[in-house]
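J.: Quick one, fold the following:
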Amino acid sequence: MPLLDVRNINVSYDDFHILKDVSLCVKMGEILAVIGANSAGKSTLLKLLSGLIQSDSGDIFFKSNPISGLDMHEIARLGIIQVPEGRRVFPFMTVFENLLVGSFMTKARQKRSETVEYVFNLFPPLKERRKQLAGTLSGGEQQMLAIARGLMALPVLLMLDEPSTGLAPIMVENIFKVIREIDKEGLAILLVEQNVQKSLSIAERGYVLEAGKIKLEGSGKALAADPYVKKAYLGL
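T.: All right, here's what the predicted structure looks like:
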């Protein structure tokens, strides 16, 4: 039984049909990669799953329960947490204050101290800079903070939207290493990322989203070896 089950979803903006009969699932404890070019519909998919937008048709189930039409705060309470593209930290709040914002729900507040220690162990630079304003951090450190803030909510499913965008290669390596570490804790991760090679190297499974439709699906290893993926996304 999948943790998240998306069935035949359609989403339109004005007269533009963005997602077209999209079906996918995320299993407990796995890293699932959704890859595709710009304007493929990847971010729209995450907005839908977060409750920021609603679908025209189709169904979404989380732990076998229907969640289509729920508001953002209701979805967050279920444990579906999105780390947005572009970090979006609160620049005039400290690192520690940003983390506190992530633990606003009752269950997360009760375990706040434990979770703070956990994210500081994952991201040692954040512990060193816990009193520093978030806006003064480097891009890589802000990405660390954005992921850490998401983890503070104690997610069941963590959705990462383009976590490597704009980062130096060494920081990209660090971010993907941390994603693997988080997965070892049993957390399900939905990874939306343009760095196809890196994504498929750590994902158990993946989907290729193209022009709003699922074009391919399979294991991360199989997709990385697929001739179409190699030509279209890996430049091979």
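J.: For the protein, just list every one of the helices.
T.: 42-50, 72-78, 95-102, 106-110, 112-122, 124-128, 139-151, 169-184, 196-202, 220-225, 227-232 (DSSP state H).
J.: tell me the most buried of these?
T.: Of all those, helix 139-151 has the most neighbours on average by mean count of other CB atoms under 10 Å, namely a mean of 23. From N, CA and C alone the C-beta is placed, and that goes for glycine too.
J.: If I follow the layout properly, Phe61 ends up in contact with Leu3?
T.: No. With contact defined as CB atoms under 8 Å, Phe61 does not count as touching Leu3 (9.3 Å).
J.: which of those two has more neighbours?
T.: Neighbour count, other CB atoms under 10 Å: between Phe61 and Leu3, Leu3 has more, with 21 against 17.
J.: list the helices and strands the helix or strand bottoming out on mean pLDDT in the chain packs on?
T.: Least confident helix or strand of the chain, by mean pLDDT, DSSP states H and E, is helix 106-110 with a mean of 86. Packed against helix 106-110 by the contact rule (3 or more CB pairs under 8 Å, 6 or more residues apart in numbering; DSSP states H and E) you find no helix or strand.
J.: That helix: how far from the chain's middle?
T.: Relative to its chain's centre, helix 106-110 lies at 21 Å (CA atoms, centre = their mean, to the nearest Å).
J.: How about stretch 25-40?
T.: In terms of CA atoms, centre = their mean, the centre of stretch 25-40 is set 9 Å apart from its chain centre.
J.: And for stretch 165-183?
T.: On CA atoms, centre = their mean, the centre of stretch 165-183 falls 13 Å from that of its chain.
J.: for stretch 202-218, same thing?
T.: Mean C-alpha position of stretch 202-218 versus that of the full chain (CA atoms, centre = their mean) differs by 15 Å.
J.: For it, which outside residues touch it?
T.: Stretch 202-218 is contacted from outside by 17-24, 27, 30-37, 40-42, 45, 176, 179-180, 183, 191, 199-200, 219-220, 223, 226, 228-229, 233, using CB atoms under 8 Å, 6 or more residues apart in numbering.
J.: Val89 and Lys111, how far apart?
T.: 22 Å (CB to CB, to the nearest Å).
J.: Those two: which has the busier surroundings?
T.: Ranked by neighbour count (other CB under 10 Å), Val89 and Lys111 place Val89 first, with 22 against 13.
J.: Could you report the distance from the closest residue to the more buried one other than its chain neighbours to Ile147?
T.: In this structure, Val89 finds its nearest non-sequential neighbour in Ala134, 4.2 Å apart by CB to CB, 6 or more residues apart in numbering. Separation of Ala134 from Ile147 (CB to CB) stands at 13 Å.
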